[in-house]
Every structure is written in C-alpha cells, then in structure tokens.
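Engineer: Here's a sequence, model it:
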Amino acid sequence: MRVIMAPNSIEDAQNIIFLAGSIEQGTAEPWQKRVVAAVEGKDVTILNPRRDDWDSSWIQDISNPQFRQQVEWELDALDRADLIIMYFDPNTKSPISLLELGLHARSGRLVVCCPQGFWRKGNADIVCEKYNVLQVETLDILLEKLKTLVL
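Structural biologist: You can find the predicted model right below:
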C-alpha cells in the first residue's frame, strides 16, 4: 500500500482509491486514517487530499497558487481514481464533498457513507439512489465494505 498526500505527484499511481469527503479544516474526524488502516498490506494507492501543511489563511480564490494547486490536485486525483470513497461527517457541512458527489455520481466508482445527522443527507440519499451509487450508513460499514472491494 502507498499513500500519497496532496499536493504530491500522482503520475505513477496505480490501483487508486481517492478519499473524498469531510475535512472542513479539521472539523471532521480524521476518518482517512481509519481507511488507510483498513487496507493496510493491499496493493493500492491511497490519494488523500488532507494536508498537514494546509493554511486556513490562504485565500480561496483562483488567483491564489496554493489554493489552485490543491483544487487541481483533487480534481485530477478524482478523475484518476479507480474507486472513490466518500464520507460525510455529520459534524460538517462539506460543500465541496457535495459538489464532488454531483460530479462523480454517474461514474460507477463511488461508495458513499452519509450517516444520520448529516445536514443534507436527504440530498445525498436521492442522488445515490438515482445514479445507483453504493451507499452505506456508517463509517464502520464503509470500512468493512472497502475490505471486500479491495482484494
């Protein structure tokens, strides 16, 4: 297993799992660590957009090179992924994750976990149902499902 954090190069990545979902500048639990532990020893590359060096003072504008680099890395990583794991933490709003759900709902590469309590669970549920996206109720179930999807 290999883990590539944003904004490092993903050029030679194979068997890619992208970790989409709640971060919200640290408000969300660090669920990505649990995913990495669940696939330890498997022949996969995890692309993790969570950055240890993220600076919340960066202006989120197209003209900001650090912000632009992050967004472009995430878009490229999503496009390259063989599997997209998406978790909506109920303690967050996660507007970018909702955007990514819309962008990739038809891809056939999504597994979504949107627990009770997420503020837009109804929207996520309807999108997943309409586009036949595999959806689970809890992070624990998501981790178990992931183990069956990654051989």
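
Engineer: For the protein, which segments count as strands?
Structural biologist: Using DSSP state E, the strands of the chain run over 2-5, 16-21, 45-48, 83-87, 110-113, 134-136.

Engineer: mean confidence score for the longest one?
Structural biologist: To tie it back to what came earlier, the one meant is strand 16-21. Here strand 16-21 scores 98 as its mean pLDDT.

Engineer: Direction included, what does that strand pair up with?
Structural biologist: Using DSSP bridges, strand 16-21 pairs in its sheet with strand 45-48 (parallel), strand 83-87 (parallel).

Engineer: Give me the residues contacting the first one.
Structural biologist: Here strand 45-48 makes contact (CB atoms under 8 Å, 6 or more residues apart in numbering) with 1-6, 10, 13-19, 32, 35-36, 39, 77, 80-81. Placement of C-beta: from N, CA and C, glycine included.

Engineer: What about A13, how many residues nearby?
Structural biologist: If you count neighbours by other CB atoms under 10 Å, A13 ends up with 20.

Engineer: Tell me which residue lies nearest the centroid of this structure.
Structural biologist: A20 (0.9 Å; CA atoms, centre = their mean).

Engineer: Identify the residues contacting that residue.
Structural biologist: P49, L78, I84, I85, M86, Y87, S97, E100, L101, H104.

Engineer: again, only this time at 7 Å
Structural biologist: Listed by CB atoms under 7 Å, 6 or more residues apart in numbering, the contact partners of A20 are L78, I84, I85, M86, S97, E100.
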